[in-house]
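Peer 1: Next one to model:
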Amino acid sequence: MDKITIIVPCYNEAEVIPRFYEAVTAATAAVEDCAFSYLFIDDGSRDGTLDAIRALADAHDNVRYLSFTRNFGKEPAMMAGLDFADGDAVLIMDADLQHPPALIPTMVAAWRAGYDDVCGKRTDRKDETFLKRTMANFFYRSMQAVSRFTLQRDVGDFRLLDHRCVAALRLLRENQRFTKGLFTWVGFKKKEIPFQVQPRAAGKTTWSYLALLSLAVEGITSFTTAPLRLTTVLGLIVSALALCYMVVVLVDALVYGDPVAGYPTLMTVLLFLGGVQLLSLGIIGEYLGRVFTESKRRPCYLIDELDGEKFDNTKLAGRRYIDTGE
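Peer 2: Next comes the predicted model:
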C-alpha cells in the first residue's frame, strides 16, 4: 500500500481547517491501496489556527502537526513539511481549498504511472486583477529570458512529489527560498494537471502586491545573475556614449569655440549617470544582501511544538532533522 503525506502550510486559517480535512478526506477515499496522512505546519498564526489543528490531531490518528516559534513564511513552512514528511510521496496543498481536492485521484494516478512530480497548472487568472495578471506575465517572461532553465508557467505549490524529489529538495538549504524555481531546478519527470483555482473557503489572502513583488525579486536573484550582467553592459554603453560625447564637445570647442553655456546638458548628463550608478548599486546590493544572509547559516525555521510536545531545536543542527535518525 502506498503512503502519501499531505503537507498543509497554514497561516491564520482557523475557519477552514475542519472543512479542509473533511473535503480532502472525502476526495482521498476514492484512491485505492493508498494511506493518506496529514502534516499541518502552523506558520506563527495569530488566530485560533493552532488550536484547530490540535483538535484535529486529537480526533484523528492520521494527523500530525508542528508549529513555528514565529511567522517565517510559506517557503520555510513547505521546507519544514518536506523535512518531517515520510512515506512514498508528499502532496502539498493550501488550507484555503483553492487547490481542488477532487484532483487528488488524478494526481495519484499520474504518479503511479511513473511521473515523479505531478503538479497542478492553473488554466486561467480570471480571479485576479488586471495589474496582478500583468505582473505575473511580466515575471514569467523575464524569467524565461534570463534563466538557464525553463520555469513552469502558472504552476505553483499544488503538487505531488515522489520521495526521490523530496530527498533532492531536502539538500537545498538556502534561506532565501523560491520554491517554485527549486521544483523546476531539481528536474525529474514532470506532468502538469490543469485545474481552475477555486474561491477561498474562508479568510483573506496574505499575498499583497508588495509580497508578490518581493517573491518575484527573490526568484530572479536566486536563479540568475542576469541583472548583474545587465549593469555591466549598461555601464559599457554609458561609458561609450560618454566617450563619444566627450569627443563631440572637444571638437566643438576646438573648431567653433565654446562659450561655456551648456548648463542643461551638463545637468542632464549628471542626472543620467547618477541614476545609472544608483540602479547598479541597488542591483549589486540585492545580491550582496542575499550573500550576507546566507553566510550567517541560520536555520530556515525554528519549531516550537511538534505533535503536542515542545521541540528541541538543537535537533535541527547539522543538515536535516529527518536525516539524524532522532
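Peer 1: measure A85 to L103 for me?
Peer 2: From A85 across to L103, the span is 19 Å (CB to CB, to the nearest Å). C-beta coordinates here come from the backbone N, C-alpha and C atoms, glycine included.
Peer 1: what do you get for T69?
Peer 2: 33 Å.
Peer 1: quick one, which of the two is more surrounded?
Peer 2: Per other CB atoms under 10 Å, whichever of T69 and L103 has more neighbours is L103, with 19 against 13.
Peer 1: Please list all residues in contact with the more buried one.
Peer 2: With contact taken as CB atoms under 8 Å, 6 or more residues apart in numbering, L103 is in contact with G120, I193, F195.
Peer 1: mind giving me JSON lines with these and columns for distance to G308?
Peer 2: Shown next, in JSON lines, are the contacts of L103 (distance: CB to CB, whole Å):
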{"residue": "G120", "distance to G308": "32"}
{"residue": "I193", "distance to G308": "35"}
{"residue": "F195", "distance to G308": "34"}
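Peer 1: Out of these, give me the one that has the most neighbours.
Peer 2: Taking other CB under 10 Å as the neighbour criterion, G120 ranks highest of the contacts of L103 with 25 neighbours.
Peer 1: which helix is the longest one in the chain?
Peer 2: helix 263-295 (DSSP state H).
Peer 1: Tell me where this protein has strands.
Peer 2: 2-10, 34-42, 63-68, 89-92, 117-122, 155-162, 190-195, 303-306, 309-310 (DSSP state E).
Peer 1: so what's the closest residue to G235 other than its chain neighbours scoring on pLDDT?
Peer 2: In this structure, G235 finds its nearest non-sequential neighbour in S280, 6.7 Å apart by CB to CB, 6 or more residues apart in numbering. At S280, the model reports a pLDDT of 74.
Peer 1: Quick check: V276 touching I237?
Peer 2: No - V276 lies out of contact with I237 (CB atoms under 8 Å); the separation is 9.3 Å.
Peer 1: Between these two, tell me which one has more neighbours.
Peer 2: The neighbour comparison of V276 against I237 (other CB under 10 Å) goes to V276, with 15 against 11.
Peer 1: Look up how far Q277 lies from the nearest residue to that one once chain neighbours are set aside.
Peer 2: Closest residue to V276 apart from its sequence neighbours, by CB to CB, 6+ apart: V238 at 5.5 Å. Separation of V238 from Q277 (CB to CB) stands at 9 Å.
Peer 1: When the two are compared, which one has more neighbours?
Peer 2: Between V238 and Q277, counted using other CB under 10 Å, the more crowded position is V238 (16 against 13).
Peer 1: For the more buried one, which residues are in contact?
Peer 2: F272, L273, V276 are the contacts of V238 under CB under 8 Å, 6+ apart.
Peer 1: give the contact list for the last one.
Peer 2: Right, V276. L234, G235, V238.
Peer 1: From what I see, the second one and L281 are in contact.
Peer 2: No - contact between G235 and L281 fails when scored by CB under 8 Å: they sit 11.5 Å apart.
Peer 1: Next up, the contacts around the residue nearest to G235.
Peer 2: So S280 contacts T231, L234, G235 (CB under 8 Å, 6+ apart).
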